[in-house]
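Visitor: The following comprises the amino acid sequence and a computationally predicted model.
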Amino acid sequence: MLAVSGLEKSFVAPDGVRATVVKVKEFSLAAGAQLALRGESGTGKTTFLHLIAGILAADAGRIELDGVAMTALSEPQRDRLRAGKLGYIFQAFNLLQGHTAIENVVLGMSFGPHGADRPHARELLERVGLGHRLDHFPSQLSTGQQQRVAVARALANRPKLVLADEPTGSLDRPRAKESLALIREVCRENGAALLLVSHDEQALAQFENVQNFSDINQLTS
């Protein structure tokens, strides 16, 4: 499903010094697998996910998603591949404030291969417990409810891979556990692989497979 090799990304700091943030020699994730990467803030986890998603272009290396070399694609081609094969649950949710819950999901679907499908969007929102909040705007939803909209949006295009960046970071402990269990369950039901990055030990404890991001991101090698 996902294969990464020789991946590197660096940025120029305000002082003009270029610093390597991601240096991954090899990484892979099988179809349907669920893996959590442990790492503190500022260690390059989000950059790693952005590279996998094609949001950022790598300086070097290869990312292959479902048999397609993303690193060989142009930016518009990466956008299309991401829309069709990948779902992303952002830490800050990134919901469109001027649109309702169901509109956020439908708009996300409009970029995918299946097109906007309002009945499917409704089904997903009902599945995450928001059937009674379809026409509510993000400002009218709790933090947990906003995250559920983000989960529904990430799964709307039936992705092969779901990336989750600290998805429980803004939730209280009971809600975080419940929401993460929901993410994992819906991914299993849809046959999607799940890659989560987090520094939250309680979130990581819900995964059978956990790796330290520092073992993958070998900046000192």
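Guide: Thanks, I have the structure now. Quick caveat, the model's predicted, so the values are computed rather than measured.

Visitor: For the rest of this, base every contact and every neighbour count on C-alpha atoms.
Guide: Will do.

Visitor: Report how many residues lie close to Asn209.
Guide: Asn209 has 12 neighbours, counted by other C-alpha atoms under 10 Å.

Visitor: What mean pLDDT does stretch 33-53 get?
Guide: On average, the pLDDT along stretch 33-53 is 94.

Visitor: That one: end-to-end distance?
Guide: 17 Å (C-alpha to C-alpha, to the nearest Å).

Visitor: which residues of this structure fall in strands?
Guide: Along the chain, counting by DSSP state E, strands occupy 2-12, 18-29, 34-38, 60-65, 68-69, 86-89, 161-165, 193-198, 210-212.

Visitor: so which of these gets nearest Thr143?
Guide: Nearest to Thr143, of all the strands of the chain, is strand 86-89, at 13.8 Å by C-alpha to C-alpha.

Visitor: What helices and strands are in contact with that closest one?
Guide: The contact analysis (3 or more C-alpha pairs under 8 Å, 6 or more residues apart in numbering; DSSP states H and E) places strand 86-89 against helix 143-155, strand 161-165.

Visitor: And it, how far out from the chain middle?
Guide: Put simply, strand 86-89 sits 4 Å off its chain's centre (C-alpha atoms, centre = their mean, to the nearest Å).

Visitor: what does that strand contact?
Guide: 53, 150-151, 153-155, 157, 159-165, 167 (C-alpha atoms under 8 Å, 6 or more residues apart in numbering).

Visitor: and that strand, average pLDDT?
Guide: For strand 86-89, mean pLDDT is 92.
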